[in-house]
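In: please work out how this folds:
(one chain, ligands or ions: 1)
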Amino acid sequence: METTYHIPVLFKESIDALVLNPSGTYIDLTFGGGGHSSGILKALDSKGRLIAFDKDTDAHKNTIDDKRLTLVKHNFRYLKQYLAYLGISKVDGILGDLGISSHQINTDSRGFAHRFNGPLDMRMDPLSSLSAANILDTYSEKELLRVFNEYGEIKNAFKLVHHIIPQQNTGKFDTVESFKHAIETLIPQKDPSKYLSQVFQALRIEVNQEMSDLQTLLEDAAQLLKVDGRLVIISYHSLEDRLVKNLLLKGQLKGRLESDVFGRVSLPFKAEPHKAIIPSEEEISINPRSRSAKMRVGIKLATNE
Ligand SMILES: C[S@@+](CC[C@H](N)C(=O)[O-])C[C@H]1O[C@@H](n2cnc3c(N)ncnc32)[C@H](O)[C@@H]1O
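Out: All right, here's what the predicted structure looks like:
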C-alpha cells in the first residue's frame, strides 16, 4: 500500500464507533488508500467481512490481500443494489469518509488543485463522461449559477458566470492555468487561494455528483443496517454535514421532523454522540487536511423494522 496516498482522518474514533461485532459484515464506502479499511479488517475476526467501494481506479492499486475483503469499483450510491446482488440484506456498519483523497488532489494530471497545472478534469471516476472543462463549456447561465452559488457559496457568482459564458468553447477552460487566466480579473488579490478553492470545490462537487450520491446513500442507509448497526460518516463541508445531521437528528434529509397521523415521530437513528466529533489539535497538526472534518455516528433504532 502506498503510504503517502492518504492519511486516514479520525482513524481510531471511526473504527471504535463502527465495529462492535468482530464477526459482522461492514461497508467502507470510500476505500481510497485503504487506511480505514485496514483498521476495520484489524478489528474483525476470521468470520468478519468487509465490502469496500471506490469509483477511482487508482484507489484499487491499494487493495489489501485479505480474503475477508471484497473491493468493488462502483459508485457507493449503488450500495443497496450491490448488496442485493451479493444476497446480503443487512449489514452491521457503514463507514463513509467523503470527498477526495490526498493522492487525487496531489496528482496534477487529475486537475483537482488550483495550485498545479493540468487538464481541468476533476473526475474521481476516470470513466465518467463529465469533466470540469465540459461543465464550463456546456452549462447554461442558470446551471452555472446553481453550481457556484450552492456548492461554492461564492459571493460574486453572477459576475463569475457572466465572465465564463462569453468564453465557452474557446478552449480557455481546458487547463487549470488557462481557466485561472480566463477569470483572473475576478480573483481577489487579498486571498486568491480562498476564492479559487471555493470555485474548484463547486466544480468538483458537480463533476462527481457528490451531493446526489450522498443523498441516495443516506436515503437507503437505514434499511441496510441491522438494529444497533452503525452509520459513521466523515464529511468535509457543511452541505454534506447538513444532510447527515438532518438524517440523524430529524429522521430525514430536509431537516423537518415528520410525524404520522397520530402525531408520532419515528426516527431511524439515534445520534451518538449528539454532536459531531472533530479531530484533536494534535491530529490537525500532523494532518492539516483533517481540519475541516466532522464525523457523525448514528445507531440504527428498531422503530423502522
Ligand atoms: C477521502 S478519500 C477516502 C480515504 C480512505 N478513508 C483512506 O483511509 O484512505 C475518498 C475516496 O472515496 C472515493 N469516492 C468518493 N465518492 C465516491 C462515490 N460516490 N463512490 C465510490 N467512491 C467514491 C474517492 O475516489 C476517494 O478515493
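
In: name the helix or strand for the residue of the stretch 151-300 of the chain found nearest the ligand, please.
Out: Among the residues of the stretch 151-300 of the chain, Asp213 lies closest to the ligand, at 3.9 Å counting by C-beta to the nearest ligand atom. All C-beta spots, glycine's among them, are computed from the backbone N, C-alpha and C. Using DSSP states H and E, Asp213 maps to helix 210-224.

In: so Val232, which state does it fall into?
Out: strand (DSSP: H, G, I helix; E, B strand; the rest coil).

In: okay, and the beta partners of it?
Out: Assessed by DSSP bridges, Val232 has beta-bridge partners Leu95, Val297.

In: can you tell me, leaving aside adjacent residues, what's nearest to Lys159?
Out: In this structure, Lys159 finds its nearest non-sequential neighbour in Leu186, 6.0 Å apart by C-beta to C-beta, 6 or more residues apart in numbering.

In: what about the one you found, how many residues nearby?
Out: 15 (other C-beta atoms under 10 Å).

In: my read: it touches Asn156, true?
Out: Yes. Counting by C-beta atoms under 8 Å, Leu186 does reach Asn156; the two are 6.5 Å apart.

In: pull out the buried positions in the helix or strand harbouring Leu79.
Out: Element membership of Leu79 [criterion: DSSP H and E] is helix 79-86. Buried positions in helix 79-86, judged by neighbour count with 16 or more other C-beta atoms under 10 Å: Leu79, Tyr82, Leu83.

In: need the three-state assignment for Thr30.
Out: Under three-state DSSP, Thr30 falls in the coil class.

In: and the closest residue to it other than its chain neighbours, how far from Val72?
Out: With C-beta to C-beta, 6+ apart as the criterion, Thr30 has its nearest non-adjacent residue at 4.8 Å, and that residue is Asp97. For Asp97, the distance to Val72 (C-beta to C-beta, to the nearest Å) stands at 16 Å.

In: tell me how many other residues surround the residue lying closest to Ser23 once chain neighbours are set aside.
Out: Closest residue to Ser23 apart from its sequence neighbours, by C-beta to C-beta, 6+ apart: Lys47 at 4.0 Å. By other C-beta under 10 Å, 11 other residues sit near Lys47.
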